[in-house]
Structure formats: structure tokens, C-alpha cells
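J.: Based on what follows, work out the 3D shape:
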Amino acid sequence: MTAKLIRNAYEAALTMTAVLLCWGAALWLEDTAGLHTDVLVLAVALTLTLSSSQRTADTRRRLTALVLLPATAGASIFVGRLIGSHYALGATVYTAGMALAIWIRRYGPAATKAGTLIALPLVTLLVVPGPALPTKAQSGLVTWAWAALIGALACAGVWLVQGLGDRFGPQDWRMEAALEQPRRRSRLHPRPSTRMALQMAAGIAAAFVLGNLLFDDHWPWVVLTAYVAASGNRGRTDVLRKGLERLAGATVGTLLAAGVAAAGVTGHTAVALMFTVLAVALWLRPLNYAYWAAGMTCALSLLLGYFGQDALSLLPIRLEGIAVGAVLSVASAWWLLPVPRARRRQPVLGTTSPVS
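T.: Residues are numbered from 1 along each chain as shown. Modelled structure (predicted):
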């Protein structure tokens, strides 16, 4: 356990170094080009989600990421605007994109990695949606070109830090990270990728509907949980476990955020604390997903507090949204073409999300 914690700390340090590097570059761009604050959140979210998927990537996969991530980051801006102006149409496009990212797994490992890159900016859109931010952070989302540039910066920052880490850090740790479970061909009909894509589509579609009806502008919390619990579906029990862990972690994160709010932490101190919380959550995430859920809940509350929003008052609603999203995801996994538990050793999709 001690050795695992040390290795986790090393990997978390690499990720946070890349995050801070990209955040600094985005901060400079924001000031120089007069961009909006959400460009900073986009940079942090994309770097967090990209780090684990690129840890053992070869040159071909990295070039693929350099093409796909900026393109999908730019496209996600349009999806976000579409949701804001035509909710039903935008939700349909978003749901189709997420389902496609899973369905293409049927074409092999390369397609699986491409699907992950397609999903990353769409997940990020749920972390930094316009309606969930206070008014002064909604006046203008970054254009697709700036979003694409942030995607390229995230790639460059992750590669630079991981490259230096591989050159000067422990070599055996990277070799261990490269080990993957052997892929076995399934005889299921429909194929597991089709089943998981349909489950994801059903869960997210239902989350969009109920999220808008029950939580108004805070629908992203329902959709995000529906995605997280269903991503990397290894069977009914796995989805149920992840849903419960996310709810438990969010509850703990709520209590942490309440303590921070009571202490009156604001401004740059809140930003520094947010990065600290993310670092600790990254360190403990491999031990149990609940640690990551708790850290993300607390970090997002600090973010909203930095923007001047009363994040504490929103935390009960957030927990309700997470509970609804978890129930929807579990329901779709259990009753819509369930994936047999025997697929536990299969490689999975969606494990690189900042919230998954």
C-alpha cells in the first residue's frame, strides 16, 4: 500500500504540473487576447482529462490526440451554445456524440482511444457550462478557434511534463502503467459496444429531460452523473457501485465545501485551495472513486465561490441531481441490454474524465 501511495503521488504530481502549466498559459492568453474566464476552466478540465489517456501513448496516438482534441473542443463550444438556445436539439446532439464515442469501440483499440478523445470536451462542457456559472462569467463563451487552441495547449503541456517525467523519473512505473488487460472477442449480440452505447444514450437522454424539469439551469449535474456511472460499464454491479461511490463522495465533498465556506475562503486563496484539493483527490483516486468525487465536488464549489456565486446554497440541489443521475444510469444498465459481468477484464472507455 505504501508503494502504491508513493506511485500515486508521483503520477498526481505530473498531472497537476501539467494542469498548472496549461492554466498559466491560458491565464496569459486571457489577459493578452481579452478572452473570457471560462477559458481557464476549459484548460484545467481538458488537461486533467487528457493526462491519464496520454500517459503511455505512442507517437501515433499523440498525433491523433493533437488532431481530434482541438477539433472536438471547438465543436463542443457549438454544442454548448446549441443547448443554450435550443435545449432539445442540443441535448439530442450531445447524446448522439456520447453514444458514438462508445459505439466506435467495435473497430478496435485505435477507435476506442479516438472515442475517448471525442468524449473529453463533451464531458468538460458539463463541468463549465454557461448556465451553471454566475452571470459575469456567462457574457461570452470562448469561440471555437480559441477552444481549439486550448485543446492543443493541453496536449503540449501534458506531453512536455510526462516526457520529462519519463526521462528523469522512475522508468518501471511507466512500464507498469502501460500494462493492459488482454482484449477478448465477445460473442454477445448485440455487441457490448452497441449495448453500452444504447445504455449511455438512454441514461443521458433521460438525464437531460429530468434535469431540465427538476433542476432548471443545473441540469448538468444530473447528466454528468449519468455519464460517470455508466462510463466503462463492466456490468450491473459495477454501475451500481460507481453510482453509490459518486453519491457518497459528493456528500463528503459537500461537507468539506461547507467548512470552507464557513471559514470565509475567497479570492486567490480559494483558487490555491482548489488546486490543492484536486491534487489530493488525484492522489487518492486509484484507491477509491469516492475520493475523487469528494474532491471534485469541493473544487467545483470553490470555483463557483470564486466567481461570486453562493455555492453553499447550491450543494443540496447538487446532491439531489447526483442522486437522480445515478438512478437513471443504474436503471439503463440493469434493464436495457445489460452487459454480462464476465466482461470485467475488458478495456473500458471513459475512465479519463475529470469526474469519472
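J.: Could you pull out the helices in the stretch 151-300 of the chain for me?
T.: For the stretch 151-300 of the chain, the helices defined by DSSP state H, counting those that start in this stretch occupy 171-178, 192-215, 220-230, 236-263, 267-284, 289-306.
J.: Mind exporting the C-alpha coordinates of the fifth one to CSV?
T.: Read that as helix 267-284. Taking C-alpha atoms only, helix 267-284 is exported to CSV below (Å, rounded to 0.1, in the frame of the first residue of the first chain):
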residue,chain,number,x,y,z
GLY,A,267,-10.3,35.1,-4.0
HIS,A,268,-6.8,33.8,-4.8
THR,A,269,-6.8,31.7,-1.7
ALA,A,270,-9.8,29.8,-2.9
VAL,A,271,-8.0,29.1,-6.3
ALA,A,272,-4.9,27.8,-4.5
LEU,A,273,-7.1,25.6,-2.2
MET,A,274,-9.0,24.3,-5.3
PHE,A,275,-5.7,23.1,-6.9
THR,A,276,-4.7,21.6,-3.6
VAL,A,277,-7.9,19.7,-3.3
LEU,A,278,-7.6,18.4,-6.9
ALA,A,279,-4.1,17.2,-6.2
VAL,A,280,-5.1,15.3,-3.1
ALA,A,281,-8.1,13.8,-4.9
LEU,A,282,-5.9,12.7,-7.8
TRP,A,283,-3.5,11.1,-5.4
LEU,A,284,-6.3,9.1,-3.7
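J.: Flag every buried residue along that helix.
T.: Buried residues in helix 267-284, counted by 16 or more other CB atoms under 10 Å: 270-271, 273-275, 277-284. For the C-beta atoms, the positions are set from N, CA and C on the backbone; glycine is no exception.
J.: Adding pLDDT and distance to Leu69, write these out as a markdown table.
T.: Below are these laid out as a markdown table (pLDDT from 0 to 100; distance: CB to CB, whole Å):
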| residue | pLDDT | distance to Leu69 |
| --- | --- | --- |
| Ala270 | 82 | 28 |
| Val271 | 86 | 25 |
| Leu273 | 90 | 28 |
| Met274 | 89 | 23 |
| Phe275 | 92 | 22 |
| Val277 | 92 | 25 |
| Leu278 | 92 | 20 |
| Ala279 | 93 | 23 |
| Val280 | 93 | 26 |
| Ala281 | 92 | 23 |
| Leu282 | 92 | 20 |
| Trp283 | 92 | 25 |
| Leu284 | 91 | 27 |
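J.: How many neighbouring residues does Leu122 have?
T.: 23 (other CB atoms under 10 Å).
J.: whoops, Ala71 was the one
T.: By other CB under 10 Å, 17 other residues sit near Ala71.
J.: What residues does it make contact with?
T.: Residues in contact with Ala71 (CB atoms under 8 Å, 6 or more residues apart in numbering) are 148, 151.
J.: do Leu14 as well
T.: Leu14 makes contacts with 51, 161-162, 165, 169, as judged by CB under 8 Å, 6+ apart.
J.: just Trp103 next, same as before
T.: 115, 193-194, 197.
J.: one more time with 10 Å, if that's ok
T.: The contact partners of Trp103, taken as CB atoms under 10 Å, 6 or more residues apart in numbering, are 96, 111, 115, 191, 193-198, 200-201, 349.
J.: and if you look at Cys298?
T.: Neighbouring residues of Cys298 by CB under 10 Å, 6+ apart: 249-250, 252-260, 273-274, 277-278, 280-281, 311, 315.
J.: Go again with 7 Å.
T.: Neighbouring residues of Cys298 by CB atoms under 7 Å, 6 or more residues apart in numbering: 253, 256-257, 277.
J.: Whichever of those residues end up buried, select them in ChimeraX.
T.: Taking 16+ other CB under 10 Å as the burial criterion, the selection of buried members of the contacts of Cys298 in ChimeraX is written as:
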select :253,256,257,277
